[in-house]
Every structure is written in C-alpha cells, then in structure tokens.
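Novice: build me a structure from this.
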Amino acid sequence: MSLNRKQYKIDYQGRELVLEVSDLAGQANAAVIGRYGDTAVLVTAVMGNEDRDIDYFPLTVDYEERFYAVGKILGSRFVRREGRPSEGAILSGRVIDRTIRPLFDHRLRRDVQVVVTILELDEEDDPEFITLLTASAALAISDIPWNGPVAGVKLLQETSVKRQVIINPTNSQLRENWPKDGAFEAFVSGTKDRINMIELEGIDADEKAVAESFAKAQKEIAGLVEWQEKIVKEIGKPKAVVHLAEPDQSLVRVVKDFLSDKLPGAVYVKHKKEMYEKMSEVREALKGHLASQNLDEKALAIADRLFDNAVDELVHEKILKENKRPDGRKLDEIRDLYAEVGLLKRTHGSALFVRGNTQALAITTIAPPGSEQLIETMEFSGKRRFLLHYNFPHYSVGETGRMGSPGRREIGHGALAEKAVRNLIPSQEEFPYIIRVVSEILSSNGSSSMATVCGATLSLMDAGVPIKKPAAGIAMGLMTGKDGEYKVLTDIQGPEDHYGDMDFKVAGTSDGVRAAQMDVKIDGLTNQMLVDALAQAKRARLEILKVMNKAIDKPRKELSPYAPVVMSMEIKPDQIGEVIGPGGKVINGIIEKTGALTIDIEQTGKVFIAGSNKEKAQAAYDMVASIVREYKVGDVVEGAVVKILEFGAIVEFGPGRDGMIHVSELKEGYVKKVGDVVKIGDFVRAKIIKAEAGKIGLSLKALKN
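Specialist: Numbers count the residues shown, from 1 in each chain. Take a look at the predicted model:
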C-alpha cells in the first residue's frame, strides 16, 4: 500500500523545511505534515457540510500538545495522559487563529476547524513557525474558501555591536541574547504584502528598531507565501462554492433609510453606558419599524447585523473624513486618567488604575520561595517565580453570566500583561520572594490588558517590590478607507474597538517597548502604518506614566506589616543534610522552636527562611547559621548540658551541633565525678580546643585562663 506522499522542501535559515501531503488523515478537507529541523506537526483542516443558523463565522483552532513529542510521560501520578491545554498551548493556538481569521469571509456560516497536533519537538526550534506555516498550507490546498496563504517568522534583535535581527533564532541563540537591554523577540505573521499579527516582548526596545525588524519580517513572509503558492498551484483543490450570509438588498435600503438620521445621535455620545442605551433604543426602534412592515423573524435577525454594519460605516466615515471620534476626542487624545495606591489594608500591595470607563484593580501578594508554581508541559519543566493573573467578570461590561475558570481571552490578556512586566521584576538574589499580581477588571471599555499593565506596576511598587522602573500600556486603533487612506487612533474604546480595523496594544517604560500585540480585522497593515502607530503609542505611554508617577513614583522602602519576612543565606551543598536532619528532624525542630513559616533549601545550597515577622525569621536564621558554622579552635560557644557521661559532658550549642567537655577540661584540678561540676540542663560557656572531622572538643577551664 502506498501513502502517495508528496514532499516539498527548501532550506530555510540553515534548517530543512518540509511540507508533506499524503493519504494520512485523508477524511479531512486537507492534512499536511510540516517539518522544521527535528520538529514535526500534523495540521488538519475540516469544514462542516451544512450552514448553521447563527450570526457569526464559526472558526475554531485547537493546538494539541503530545507528551510523546518530547519523549516524556507527564501528567499527575494517577493520570498519565494529556488533559486540558496548557497556557502555552492556548497562546500558540491563538497566534494561528489571529493570523488566519481575518482572511476568511465572515459571511461564511459553516464550521471550520483547524487542529494542530505536535508529533515531535526538538529542543532548539520554536514550533510556532512551523505550526502556522503548516496550518496555512493545509487551508490553502483545501477546498475551504480562504484568502491565504500566510506565514510567520520569529525575530530576535541580538545585542552585539552589529545589533542584527536574527530570523527564526534557535533556543540557544535566545538564551545568549535574552534578556538584555535593548533586545526584543517577536513573532510576526501576515500575507505576502501585509502584517496582520504581532507578538513582541522587549527590554526597552527602540520603536525605530522594532519597525525596521517588521519590514525585514515582511520580506521573509513574502518568500514563504510565494513558496506555498507554488504548492497550491500544483496540488490545491478548487475552492468550494458555499452560501454566504448576504442580506436582501431591499432590506438593506430600508434599514439604511431608517437609521440615517437616528444613528449619529446614538453613537456620538461621550459616556459608554449612555451610548449603548441610546444605541439599544435605536436598535429596538428599527426592529419595531421592520415588524410593522410584516417582515419575518429571519429578516429581523438579519437587521441586527445590518445595524452593526451601519455603525461600522458611520464610525469609519466620520473618523476618516472629519477626524470625529464617537466620544469627541482628538485622534491622539487619551481618555481621563486616574491612579491610586494602597486601597486595601491587609493585602501586601494594591492599586486602582482608571482610563475612561476601564478600571483595573491590581493586588500584589508576596510569599516565600516555596510558593513557586511548578510547571510541567511539553516544552517546559520548571518553576515560575512571578505570576500575573487577569480576571474579566461579566459585570465589567454590564452583563450576567456563569462564573468559572479563566477562558482563552483571559489567559491571553493576562499573558500579554505579564510579558510587559516580568522583566522588570528584581532577581531572587535582590528580592527573595515569589510574587503574584491579580488584576480584577471592574469595568471595561477598551484595552483592559493595558490597564492591567499600569495597575500591576502601581501595585508592585505599593507592595515594596523593587521593580526596575514603571511600565504603562495603551491600545491603538486604525480606520482604513477604500482608497488606502487611514487614521491611527490612540486609546480606542467602544465602537472604535468593536468596529475598527486594528487593535495594537503597546506597553513599555519611558525608555522603550516591553511588550506589544496586534490583531486586525482587515488583510493587514503596511510598515508605515506600524511606524505611525508605534510613534503615537509612545507619546501616549509617556503621558500615562506621568499620571502614574503622581500616585507613586518609586517602590515603597518597607514591606506591608502583613507580608512575610524572608531572609536568605548560602550554605555548602554538603551541609544540606545537616540542616534537614534525619527525616527532617532538625529543620522541623527549628520551625517549631522559632515559629518560622518555612525554610526552603535549594540543591545549590541557597536557603530561604520566612517568618511572619522579623524576629521569628531572624531566630530561625541564627539557628541555621549555627548549624553550618565552621567552628575553629579558640571559638567560644554557649549551650545547655544535654548528657552526662563517666568521662565528660555533652553540650548542645546549636540545632544538631554539640561538643564534649572531657572531665579533665571541666576545671583546674582533679574531678572525681562529672556531676560534681555540671548537671543536665546547666547553661555553660566553653571554648573550643579541638575541631577535627566534625567532632568538637570543649573546655570550661580554658575559658578561665
């Protein structure tokens, strides 16, 4: 039996790039295996056979990690199989979704599902490059209507004198250059001549360098798209002719005529709540008008989409022709800003950041090192010391709904905000705490993720976390016209967000970009559009930072009285056993005796001691220090007599540390019985006269000489 394999190969950035089509997964509309280096992925694309009675395009992208891809058996002790997607898998799936989605005709009402399965994964290549390329190839050769192909590349601005941009850097190259000042790494994707998706993390990256790297990425993407086009020309299927949800033109005219004089007064209102109330009134009036003309329920449902289309056209026209935004702001004007810290007494740090109707309440908690999050995924096994979690309850947009675990949107927004802040966190040597920030979105009207960056920064400083510098973020929008004209908008909200053509979030410090994320609803952006958006975002970011600095301009010098006190020291790895003791007897004894919260010891010999106050932490610190102290002849120690022998007494002068006073060293002259000089429980001071192979010899009489 033959699988009818066809392979298409090129050399790309020093590794072989292969797209393979065969009879595997032959019941899908298309299936492609992509290989890059030693990474291999299977991507299938399937379209449903029937139209659904819904008012949106039903696209799903599932990114399936398989532990066998890295030769590991992971999971819990009792469940040795993959469960719900990891955060990394969700974020990788979103990269593909955000790149391919704008190129579908959104009037399509058939289910389309793209499934990415990781078959094998090497340790050097980021799988996002090959997964997106393979997904694009599968859609492009299938009969599913789609306006691809697309491609994406990873970028690394390295930090040598040349400051060159590396395309598809290996993980080794990333480790060599990251994180360093001025560096940035990004994943950029799009069509042959437009960029439509960006994920970037930087260490105060320069906007000009970022824009130049995007131009270089565009050239690389164009070459990869042209390669796919050749494959499609050879083996691509004709695109299926499917029904598109197109309204009756007579209904379109009725709706337009009715809304022409009513919509501007509803949309062009400064406050969100009032705006949506008026828009709802007009929407209901439209339905009543159509119902009076004896139109059926289906026509009334279509009218909702026509209403949205009319708002879209109105907002575009007013901004492009009159520079008129719905709330009356200038194109580069930020909404009213407010910042406050120290709202909550018993939390370790808290802050409220408000921009217009968007409100983010950020709370910081610090904890001992033992509170690190353990992570075990296909790509990464280790610990997370800094956590940022984002919650978006239904009430924040005036809606009801079921409360539950975070969805893909919350995970994505939280990851973006964390990316902007995490490299500002001090090292564990500087600040030996685990840090968690939670952003509660109390009200949302445009870019709550960027409000989270601002709120998190303020909250961290309120908690006394010595971050390197404050960061802020802003969301930029775009309105484009049919003839190529465009306007960049600062601080998008409401209709500009929902009906606009771009959502470009940029976060950073006063010195440069720390994180960026871009999605579009059009084919993509030119490089000049990106240059303009980055420049406008920088001006806004600096303005926001000024407001934040008025609330708190540097981290507090003292931690909250409710925060644990963590002290650290380093011991020799071969001393770890002494501190822990048999069955944990010594370390547990220290905790019990001093009231310390935790004592965490790493294999390297780093010891972190936490107490509810400084006195308890210090007491435990002193006891550990006593255990690992290397005593020498002449040192003086203090402790209790714990045992009487015929030939001497045992004195315990620290946890797990003791020495013997020989009968001849108890006092000058002859001693008949040890008990005549010392008794169990006596507290004595003695001098060390012998320290060999861990055995300590003590003397009372030497101390008196």
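Novice: now for V678, how many residues are close by?
Specialist: Residues lying near V678 (other CB atoms under 10 Å) number 20. All C-beta atoms are positioned from the backbone trio N, CA, C, and that covers glycine.
Novice: which pLDDT does the model give it?
Specialist: What the model reports for V678 is a pLDDT of 89.
Novice: dump the residue contacts of it.
Specialist: V641, I644, A649, I661, L666, V684, L700 (CB atoms under 8 Å, 6 or more residues apart in numbering).
Novice: and if we set it to 10 Å?
Specialist: By CB atoms under 10 Å, 6 or more residues apart in numbering, the contact list for V678 reads V641, I644, G648, A649, V651, I661, L666, K667, V671, V684, L700.
Novice: so which of those residues is the closest to A25?
Specialist: Closest to A25 out of these is V651 (75.6 Å), distances taken as CB to CB.
Novice: check which helix or strand covers the closest one.
Specialist: Assigned by DSSP states H and E, V651 belongs to strand 648-654.
Novice: any idea how far K287 lies from E246?
Specialist: 20 Å (CB to CB, to the nearest Å).
Novice: now swap in I492 and tell me
Specialist: On the measure of CB to CB, I492 and E246 end up 29 Å apart.
Novice: quick one: which of these two has more around it?
Specialist: I492 (26 against 9).
Novice: and the end-to-end length of stretch 686-701?
Specialist: 8 Å (CA to CA, to the nearest Å).
Novice: equivalent analysis for stretch 671-678, please.
Specialist: 11 Å.
Novice: in the lowest-mean-pLDDT helix or strand in the chain, what counts as buried?
Specialist: Least confident helix or strand, the chain: strand 373-376 with a mean of 76, by mean pLDDT, DSSP states H and E. The neighbour-count check on strand 373-376 (16 or more other CB atoms under 10 Å) flags nothing as buried.
Novice: same question for the strand holding V651, mean pLDDT?
Specialist: On average, strand 648-654 scores 88.
Novice: may I see the buried residues of stretch 260-276?
Specialist: By neighbour count with 16+ other CB under 10 Å, stretch 260-276 contains the buried residues K262, L263, A266, V267, Y268, V269, K272, M275, Y276.
Novice: and the second one, its phi and psi?
Specialist: Yep, that's L263 we're talking about. phi -70, psi -40 (degrees, to the nearest 10).
Novice: so who does it touch?
Specialist: L263 neighbours (CB under 10 Å, 6+ apart): K256, K278, M279, V282, R283, L286, F307, A310, V311, E313, L314, V315.
Novice: report the buried members of those.
Specialist: Using 16+ other CB under 10 Å, the buried ones in the contacts of L263 are K278, M279, V282, R283, L286, F307, A310, V311, L314, V315.
Novice: just flag the most distant two among the residues you listed.
Specialist: Longest distance between any two of the buried ones among the contacts of L263 is 17.4 Å, between L286 and V315; criterion CB to CB.
Novice: list the contacts of the least confident helix or strand of the chain.
Specialist: 67, 72, 74-76, 86-88, 381-387, 434, 436.
Novice: swap in 7 Å and give it another go.
Specialist: L74, S381, G382, K383, R384, L387 (CB atoms under 7 Å, 6 or more residues apart in numbering).
Novice: after that strand comes which helix or strand?
Specialist: In N-to-C order, the element after strand 373-376 by DSSP H and E is strand 381-384.
Novice: which other helices and strands does that following strand contact?
Specialist: With contacts defined as 3 or more CB pairs under 7 Å, 6 or more residues apart in numbering; DSSP states H and E, the packing partners of strand 381-384 are strand 373-376.
Novice: quickly run through the sheet partners of the strand it packs on, with directions.
Specialist: The strands beside strand 373-376 in its sheet (DSSP bridges) come out as strand 381-384 (antiparallel).
Novice: Q7 reaches E20, doesn't it?
Specialist: Yes. In this structure, Q7 is within contact of E20 by CB atoms under 7 Å, at 4.9 Å.
Novice: compare neighbour counts for those two and give me the winner.
Specialist: A direct count of neighbours by other CB under 10 Å for Q7 and E20 places E20 higher, at 20 against 11.
Novice: for my notes, confirm that one occurs in a helix.
Specialist: No. When classified by DSSP: H, G, I helix; E, B strand; the rest coil, E20 is found to be strand rather than part of a helix.
Novice: mind listing what A367 touches?
Specialist: Contacts of A367 by CB under 7 Å, 6+ apart are Y433, I434, P564.
Novice: give me the nearest residue to the first one, chain neighbours excluded.
Specialist: Setting aside the residues directly before and after it, Y433 is nearest to I366 in space (CB to CB, 6 or more residues apart in numbering), at 4.2 Å.
Novice: any figure for the gap between the one you found and S560?
Specialist: In terms of CB to CB, I366 sits 8 Å off from S560.
Novice: any common contacting residues for the two?
Specialist: H348, A463.
Novice: quick one on the thing from earlier: ok, so of the buried residues of stretch 260-276, who is nearest I54?
Specialist: Y276 (22.7 Å).
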